[in-house]
Each structure stands twice: as C-alpha cells, then as structure tokens.
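A structural model of the following input is requested.
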Amino acid sequence: MKKAFYLSSCSTCLRILKELNQIDFVLQDLKVNPVTVEQLDHMYAFTSSYEALFNKRAQKYKSMGLKDKSLSDLDFKNLILEEYTFLKRPVFLVNDNLFVGNSKTVITSLKEYLSNE
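Now for the predicted structure:
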C-alpha cells in the first residue's frame with residue numbers, strides 16, 4: 001500500500017508529490033480528511049513517538065504558546081488529532097515503511113526505497 005498524507009494548499013507537499021509523479025499514491029488531503037485515531041496510531045507504531053509526527057513549525061504552535069510548554073507524548077497526539085496542521089507533512093506510508101516530513105534526507109530515502117521496490 002502506498003499512501004500520502006498531505007495538504008493541497010502546501011506548496012512543498014505538492015512539489016514533492018510532483019517529483020514522485022510516477023508513483024500511484026492514495027492521497028489524503030489532511031484539510032479535507034483529517035488523520036484518524038487509527039491512522040495516527042499506525043504511524044506511531046513506526047516512530048514510537050507522537051512528537052516525531054508533530055509539526056513544530058505550524059503557525060498555531062507558536063500562536064497557542066505551545067513552544068513554551070512542556071508537552072507529553074499524549075499531548076502531541078491529542079493536538080495532532082484536534083488540528084490538521086500539527087501533523088508533520090507530508091507523510092508517506094509505503095508498504096511497511098513510514099517517511100515523515102519534507103527534509104531532503106527523508107525525501108531522498110523515500111525515493112531510494114521506491115526505486116528499489
């Protein structure tokens with residue numbers, strides 16, 4: 001299974017998807033269809049950390065004063081479920097592998113994995 005969690009309004013997500021245009025991903029626009037508890041728990045199984053799935057660059061992270069608070073892993077989970085912008089993106093679920101975020105390292109790893117499939 002190949003699934004991509006992204007935002008259609010995010011130019012970075014769209015650029016990365018365009019780079020991967022030869023791959024048929026099932027796309028889930030987080031603004032239209034937010035991540036479910038089950039999907040988030042499945043992602044957690046790969047990372048063992050909700051914080052690793054959390055987008056600390058989200059504007060709401062700063063505006064809500066969250067950067068000045070000590071948050072537990074459960075807090076990160078609940079925040080992601082409450083607000084779609086808190087999920088680090090894009091997230092690619094490919095077979096039994098998870099690729100989270102838009103760093104060059106993550107995208108390079110994803111491309112290498114896909115080319116060896």
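
Pull out the buried positions in stretch 88-99.
Residues 88-94, 98-99 are the ones in stretch 88-99 that count as buried (16 or more other Cβ atoms under 10 Å). C-betas here are computed from N, CA, C, even on glycine.

what two of those residues are the furthest from one another?
Between any two of those, the greatest separation by Cβ to Cβ is 16.4 Å, found for 88 and 94.

ranges for the strands of the chain?
Per DSSP state E, the chain carries strands over the ranges 2-6, 26-29, 91-94, 97-100.

Surely residue 95 touches residue 1?
Yes - in this structure, residue 95 is within contact of residue 1 by Cβ atoms under 8 Å, at 6.6 Å.

Run the chain-centre distance for stretch 31-40.
Distance of stretch 31-40 from its chain centroid, counting by Cα atoms, centre = their mean, to the nearest Å, is 10 Å.

average pLDDT across it?
For stretch 31-40, mean pLDDT rounds to 97.

For that stretch, measure first residue to last.
End-to-end distance of stretch 31-40 (Cα to Cα, to the nearest Å): 15 Å.
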